[in-house]
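Undergrad: Next comes the sequence, and after it the predicted model I'd like to discuss.
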Amino acid sequence: MDHLSVTRGTFWHVTDFHYDVNYTASTGSTDDMCWAKTSVRGRTGGNKPGKFGDYACDAPLALVNSAVDAMKKIDPNPDFILWTGDDTAHVSDQYFSEEKVLEIISTLSNIIQQSFQYTLVIPVLGNHDFHPKNQAPIGESSIQSKVAEIWAEWLRSIDTEAYSSFRSSGRYWADIPNSSVTMVALNTLLWYKSNDLTSGIPDSDPSGLDPDGQFVWADELLTGLSERKRRVYLVGHIPPGSFERYQQTQAGFHWYQERHNDRYIQMVEKHAAVIEAQFFAHHHTDSFRLFFKDQKTNDPGTPISYQLIAPGVTPWRSTLSPETGANNPGIRLITYDRGSGQILEVSTYYLNLTKANLEGEADWTLEYDFTSAYNLDSITPTSLYSLARDLKNERSIFEKYYQANTVSLEDPAKCTAKCQTLHWCTITEVDYTRFNDCNIATLASVNSAMALTLMMLSVLIR
């Protein structure tokens, strides 16, 4: 692999299209022109819904096409494309069917394939890619089998029985040609707390603690990849840990069933030496997570792995909680070392949706490069932990991060001390109990500092 060690490659990470087939850019309210009949308003300017979308809605076809066109224009020859799911709109199941979901996945697949005809695509399904949504059964299913046919050309081009593995289990692995990198694509829907097909299985049943034996499969696979001296990218749709834009409770908001979140952390700890990086989605926001070893009370321990969470194409304003908000559409180009697998740069491109609608033109531009924005020499667990501490303690650095978190949409001034604490805890504590403890302890420290400041001010006023 020595001849590869100085060779840089690139790949795109695109996710969460949430294509709204009912979006119509005509006069009227968002209730009439987009499928998501949300009561939350986040208009992009003016009275007329925009050509490229609206913050109250999911992505119209014009936005989807503009994102893929931008990818083709910016880097037409990546080594591969990572596409991490959630293709359909945020709509009640009554408006969908298996056929409609498959039609949307097929449409998006064709758009990507037409622009990147000779590029390897590594796709996974999201929780909105099933009908009913979130309900991914253990093992083979009708919709998963039919998606395997849609993606057959991509999956069969991978020399690892990826097609049959995805068809039967929704997971697979793939060696990236001319590199030391192996992609391990996980079916994270099996661990989702909103998946009633797995969440109700008791721990006494082997399928409760390990649906479809995916943790055992991953353990054996990662052990073998370590023996082969490969560098692994773990990829999936739903990330472990807590959501950084939910402030309603100190316990936070989580996606995984706790038993599966615990096992995921254990898997990363055990195999950190072979895992180079992790790439996930689902949040629509731009953030990262850290994993540690040798953790103690009030001490995260030593950083051993990191996970990058990519922003989505959809600008949809979430209804989860008021502070969750919307985002500008984003896509991500990643530069990596083909020999070592190390991530060298993460370049996020975005569309200013308000500006695009006003001008009638989608001008996707570079939002930021990760290393230069945060003044990093490298992207490693250690450097990202140092950055996380800076985000906690340095408001100016945190504001850079927070602006990127909603893809240059929301004013960082909206994120007060409580909000800033939440981001620190979600980044550094993937374990649910430790996240809750971090939230309580850090907020207590913030409140104590505020009380001291107020006391000093009162003395000065006297």
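TA: Perfect, thanks for sending it.

Undergrad: in the sheet, who's paired with the nearest residue in space to Ser347 that is not next to it in sequence?
TA: Using Cβ to Cβ, 6 or more residues apart in numbering and skipping the chain neighbours, the partner closest in space to Ser347 is Leu333 (4.6 Å). Any C-beta I mention is one placed from the backbone N, CA and C, and that applies to glycine too. For Leu333, the beta-bridge partners are Trp12, Ser347 (DSSP bridges).

Undergrad: need the contact list for Leu333.
TA: For Leu333, the contact set (Cβ atoms under 8 Å, 6 or more residues apart in numbering) comprises 10-13, 71, 74-75, 78, 346-349.

Undergrad: run the last query once more with 10 Å
TA: 10-14, 71, 74-75, 78, 345-349, 366, 369 (Cβ atoms under 10 Å, 6 or more residues apart in numbering).

Undergrad: Put the alpha carbons of stretch 183-203 into CSV.
TA: Coordinates of each C-alpha in stretch 183-203 appear next as CSV, following Å, rounded to 0.1, in the frame of the first residue of the first chain:
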residue,chain,number,x,y,z
MET,A,183,-17.0,0.5,3.9
VAL,A,184,-19.1,-1.3,6.5
ALA,A,185,-22.8,-0.3,5.8
LEU,A,186,-25.0,-0.9,8.8
ASN,A,187,-28.8,-1.4,9.0
THR,A,188,-29.3,1.0,11.8
LEU,A,189,-33.1,0.8,11.5
LEU,A,190,-33.1,-2.4,13.4
TRP,A,191,-31.8,-0.4,16.5
TYR,A,192,-34.3,2.5,16.1
LYS,A,193,-36.6,3.0,19.1
SER,A,194,-39.5,3.9,16.7
ASN,A,195,-39.2,0.5,15.0
ASP,A,196,-42.0,-1.5,16.7
LEU,A,197,-40.9,-4.6,14.9
THR,A,198,-37.7,-4.8,17.1
SER,A,199,-38.3,-2.5,20.1
GLY,A,200,-40.9,-4.8,21.7
ILE,A,201,-38.6,-7.9,21.6
PRO,A,202,-37.5,-8.8,25.1
ASP,A,203,-33.9,-9.1,26.1
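
Undergrad: what is the mean pLDDT for it?
TA: On average, the pLDDT along stretch 183-203 is 98.

Undergrad: go on, stretch 215-223?
TA: Mean pLDDT, computed over stretch 215-223, is 98.

Undergrad: Flag every buried residue along that stretch.
TA: 215, 217-219, 221-222 (16 or more other Cβ atoms under 10 Å).

Undergrad: Contacts made by that stretch with the rest, please.
TA: 165, 169, 171-173, 182, 184, 186-187, 190-191, 206, 209-210, 213, 230, 232, 234, 260, 263-264, 266-268, 270-275.

Undergrad: which of the residues you listed are buried?
TA: Buried among the contacts of stretch 215-223 by 16+ other Cβ under 10 Å: 165, 169, 171-173, 182, 184, 186-187, 190-191, 209-210, 230, 232, 234, 260, 263-264, 267-268, 271-272, 274-275.

Undergrad: Leaving out sequence neighbours, find the closest residue to Gly252.
TA: Gly252's closest residue in space is Ser242 (Cβ to Cβ, 6+ apart), at 3.9 Å.
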